[in-house]
Each structure stands twice: as C-alpha cells, then as structure tokens.
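In: this one's sequence-less:
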C-alpha cells in the first residue's frame, strides 16, 4: 500500500516523487516503463545527437499519415527512461510569457495565471546567474549559460540584430523578444534532467520506491475511485494499491492512452475496443497540439560546423578535461523570438533554434559536407489533433493524428510560410551570408509563396512539444479540473504537459516541471 502511485518518471513524475517523498510519513511508488538513465550520452549534452538511435530509451512513435503534409508519417521521439524527455531533449530553458498563463486562467484553468505559476518556476530553478524577481537561484533544476559556443551561432545572433530585432540575453526576463543564446538545463557542464535534478537526491529515501522497466497496463477503479495500478515487469504482473491517490504523469501521448485503457475516455471508442466504460470523457485524447517546425539548411565552409567534428576530441575534452569543449554544447545553442507580420497580439509568435550543423529528418539523415540549420516554428497553432487507441493491448502504440495545418482558415499554413520567409531573411544578413554556401532545403532561395507552401508540406517536422490531450478547465469537455482531478473519478489526477489548455510560447519542459511543482504543493496543502 502506497500513499501515492506515480505513473511515469518523466519531467513531471520525477518532481512529484521527490517533493511528495520529502514527507517521511508519505510512502511513494514511482513507475517508469524505460530503464535507468545510465547511458553516458544522456549526461554529456552533445551526446543528444547520438541518442536518436537509442531505441531502448525512446518510445519511437510515428504519426498516422498527415493529410496536409503529403500523407507523411512524422517521427515523434519521446523519452522512455528516467527523466523522460528531459533526458533526451536539447535542454533549452524557456517558460513562455505571462500572457500564456493568463490565457490558461481566462479559459477556465482557475489558479494557473502568471502570478500563481511564477513562484513555482522560481522554486524549481537553480540559475547560475543568481536569484532575482524572475529567476530562482537555489532550486534543484540547474540552469546555466553554455560553456561552449560555436562561431556560427554567434553569427546567427548578430544576423538577428542586423535584421532589426534586439539582442536578448535572457528569454525568461522582462521581454522574450529578440535574439541570443539559450540558457540550458545543465549543471557543471552536464545535462540536468528532471531525474538528475529531483530524483537522484531523493533516491535513497526509504519511503520512495522506484521501479524501472514497468509498463503500466491499467488503473484499477473500484467504486468510482482509483484504488490501484497494474503493471508488468520482466518478472511478471504486479498490482500496487494507492491509499491516497494515483498520479498519472505519462505525457501527452501515454497519459490519454492509459486513461482509455482503464475505461476513461470517449465511450464509443472504448466500446469499439471492448473496454468497459467507467467514465465517458470525450476530451481524453482530443485537443492535441504541437509546434510544427520548418528547417532551412545551407552548406557552409568546412571546419566551422559540428558536422565533421572529431568525436574523439569531443569525448576527450569532455570526459578527461573537466567537461570542456563542444561536448557541453546543446547543439541548438542560439535562438530567437519575434512577432511576425501576422501576429494577432503582443506576444512573439515565432521561435527560432539555430544549429551549427546540417539537421535533416531529426539528424537521422546524415548529409555530406558541412552546413547549418535554422529552425522556425509557429508558437500558437490553431490546428488540433487527437490520440486514439489502436487496440486494447497496452503494448500497442497509439494512433497519433497530429492534425498539422488542419485549421479551417489555413492560418497555420500561412504562418509556416512566414516562418520560412523569416528564416530566409536571417540568412541573408551579412553576419551569416558570409558563411553560406549552396542552399540544401529548400534548394532555391527565390521560392514564391506557393513554392514555400510546398516546401512546408514536404519537409516540416515536429519540434517535440505535444501537449493538451487531457486538457484542464472548468467546462464539460475538460478532462481534468484546475486541481488536475480527472472528472468523474476520485483519487486520480493527471500531472504533465497533457493538461495544458494551450501550448506556451516556447519549449515545454520548464512549464511541465512548474505544473508538477505546483501540484505537489496542492497535494501537500501548501499552495
């Protein structure tokens, strides 16, 4: 018997396990389908490029054919390891802007406005720049400036300034707009995942039990209350009883899947798979959102990018010279936030990530030579997709209907074309133009809007920010209420990116950690 059974040791689950087990009288079980975070490439920041091929720590999802993207199936890597996606991501630390969270509250997520969530961002953050009104200095999540910066990344920031935007040394400061270098979730040159930040210091507590290689198959509901969790490991089937609550933190893909497998979701879909309906919640799996990303690639002179950098030297500098050199790079070193000509409010609506290497198909397609990549994504997509069951087998991957570019007005497509145009504008600035060789994607620099539309449909990919599939709110379609309690089932909450009503304007890791920090306080009566 446990006070809390937490499903998923990703960014949110690690926070919950650490915070709730601070009370020695509280017994906590944390279940993770993947292995421990032992792989050295997890901890060496630049190792993320090699993690692509590590299928054992990746759910390795693929979407259903996307109608607006020429029927392509897009690859969705998701962390399947202690730390979840925070163990395989690019470590960019961004929160969005205050208006993002005020919009959550205005849409029915009472209590999640900016003034309520800022203290939890600060509590989590241990920024090497020190504490201030907008930063925490002693939180468990290490946030730091990059130790290593590529020359091409410096040129990208200068190109943003030459194009008319401000230089910005802090995307989480008073203003998000401008170009600069990302602060990263690193400590002393190593990745600071949620597992490293929260779980490692708590691991030895006698009241915290961590089970890896545990595939949860069902949440057991008895008398309208979540009472237990069933899971399988290499040794067979197990059941863990929850005297307090079950906390579902399996992410925007797996959380709705597990709810549906447990009889909580759209009744017709559950019946179609022979699953008894315990709670008819049509919103489970709906409202899927993601940041679609378009990459513009150019060749550059040899010796500047990371494409053919010596892996032996990188490993030597990192492991034998005190975490120095390019091994400490998060690869997506520089970036920017801008308000486009199509912006509908005062918030930046386009985000850039710059990579001093050629990144095609998530790095899975290795191109010959040397080059650079400008990522650009629209931050507030109007398109919505859904997560659907493939069958009633917990081992089967879900059907991911991402719904990219499906908004009826076509606004998302116009914004993606704008993203491509802005990328081209940046590349034309003197700071970057001096390094540019032949274009790769797209192969021409003079494409019309129609040509750019075709480019987007042929090459756009996810930038790894799925959210919203267990939306919180106060309306009848919301899956969880503002206290993240699943409607119609007692003792069950969802705590992860799936509860976000709308995507924040930036990367989603820091907001996910914030959600878990605030929920831990709510559970302990300390909010």
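Out: That came in fine, so what should we check first? Please read these numbers as outputs of a predicted model, since none were measured by experiment.

In: which ones are touching residue 505?
Out: Taking Cβ atoms under 8 Å, 6 or more residues apart in numbering, we find residue 505 in contact with 96, 97, 100, 176, 337, 347, 348, 349, 351, 379, 380. All C-beta spots, glycine's among them, are computed from the backbone N, C-alpha and C.

In: let's go with 7 Å and repeat that
Out: Listed by Cβ atoms under 7 Å, 6 or more residues apart in numbering, the contact set of residue 505 reads 96, 97, 100, 347, 348, 379, 380.

In: so of those, which ones are in helices?
Out: residue 100 (DSSP state H).

In: Please, where are all the helices along the stretch 101-250 of the chain?
Out: Here the stretch 101-250 of the chain has its helices, by DSSP state H, counting those that start in this stretch, at 114-124, 151-162, 194, 200-202.

In: Reformat those into TSV and put mean pLDDT, mean neighbour count and distance to residue 53 next to each item.
Out: Formatted as TSV, the helices of the stretch 101-250 of the chain follow (pLDDT from 0 to 100; neighbours: other Cβ atoms under 10 Å; distance: least, Cβ to Cβ, whole Å):
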stretch	mean pLDDT	mean neighbour count	distance to residue 53
helix 114-124	98	19	31
helix 151-162	98	22	25
helix 194	98	33	23
helix 200-202	98	16	25
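
In: Of all the ones you listed, which one is nearest residue 260?
Out: For residue 260, the closest of those is helix 194, at 25.6 Å, according to Cβ to Cβ.

In: Tell me the most packed of the contacts of residue 505, by neighbour count.
Out: residue 96 (27 neighbours; other Cβ atoms under 10 Å).

In: Spatially nearest residue to that residue (excluding sequence neighbours)?
Out: With Cβ to Cβ, 6 or more residues apart in numbering as the criterion, residue 96 has its nearest non-adjacent residue at 3.1 Å, and that residue is residue 504.

In: ok, now residue 517?
Out: Closest to residue 517 by Cβ to Cβ, 6+ apart is residue 120, at 4.1 Å.

In: need the longest strand for the protein.
Out: strand 236-248 (DSSP state E).

In: What strands line up against it, and which way round?
Out: Paired strands of strand 236-248, with direction, are strand 2-7 (parallel), strand 225-233 (antiparallel), strand 492-494 (parallel) (DSSP bridges).

In: rewinding a little: next up, phi/psi of the residue nearest to residue 96, please.
Out: When read as degrees, to the nearest 10, the backbone of residue 504 gives phi -70, psi 160.

In: residues in contact with it?
Out: Contacts of residue 504 (Cβ under 7 Å, 6+ apart): 95, 96, 100, 511.

In: Please pull out the lowest mean pLDDT helix or strand from the protein.
Out: Within the chain, confidence by mean pLDDT, DSSP states H and E is lowest for helix 48-51 among all helices and strands, at a mean of 88.

In: for the protein, which helix is longest?
Out: When the chain is parsed with DSSP H, its longest helix is helix 411-427.

In: So which bits of the helix or strand following that helix are buried?
Out: Once the chain leaves helix 411-427, the next helix or strand it forms, by DSSP states H and E, is helix 430-433. Residues of helix 430-433 classed as buried: 431, 432 (neighbour count, 16 or more other Cβ atoms under 10 Å).

In: Repeat that for stretch 322-330.
Out: So for stretch 322-330, counting by 16+ other Cβ under 10 Å, buried means 323, 324, 325, 326, 327, 328, 329, 330.

In: end to end, how far does it reach?
Out: Stretch 322-330 has its terminal residues 17 Å apart, counting by Cα to Cα, to the nearest Å.

In: just to revisit the earlier point, what residues does the least confident helix or strand of the chain touch?
Out: Here helix 48-51 makes contact (Cβ under 7 Å, 6+ apart) with 41, 42, 57, 88, 90, 331, 363.

In: Out of the residues you listed, which is nearest to residue 159?
Out: residue 331 (18.3 Å).

In: what sits against the nearest residue to the closest one once chain neighbours are set aside?
Out: Nearest residue to residue 331, sequence neighbours excluded (Cβ to Cβ, 6+ apart): residue 355, at 5.7 Å. Residues near residue 355 by Cβ under 7 Å, 6+ apart: 331, 332, 372, 373, 375.

In: got it, and residue 300?
Out: Applying Cβ under 7 Å, 6+ apart to residue 300 gives the contacts 152, 370, 371, 372, 435, 436, 437.

In: Let me see the contact set for the fifth one.
Out: The neighbours of residue 435, taking Cβ under 7 Å, 6+ apart as the test, are 152, 155, 300, 301, 304.

In: Go through those residues and say which is closest to residue 47.
Out: Using Cβ to Cβ, these come closest to residue 47 at residue 152, 20.2 Å.

In: What count of nearby residues applies to residue 224?
Out: 11.

In: do you know how far it is from residue 201?
Out: 37 Å (Cβ to Cβ, to the nearest Å).

In: same question, residue 349
Out: 38 Å.

In: Check residue 286 too.
Out: On the measure of Cβ to Cβ, residue 286 and residue 201 end up 37 Å apart.

In: Then residue 101?
Out: Distance from residue 101 to residue 201, by Cβ to Cβ: 28 Å.

In: ditto for residue 259
Out: In this structure, residue 259 and residue 201 are 31 Å apart, going by Cβ to Cβ.

In: do residue 455 as well
Out: Distance from residue 455 to residue 201, by Cβ to Cβ: 47 Å.
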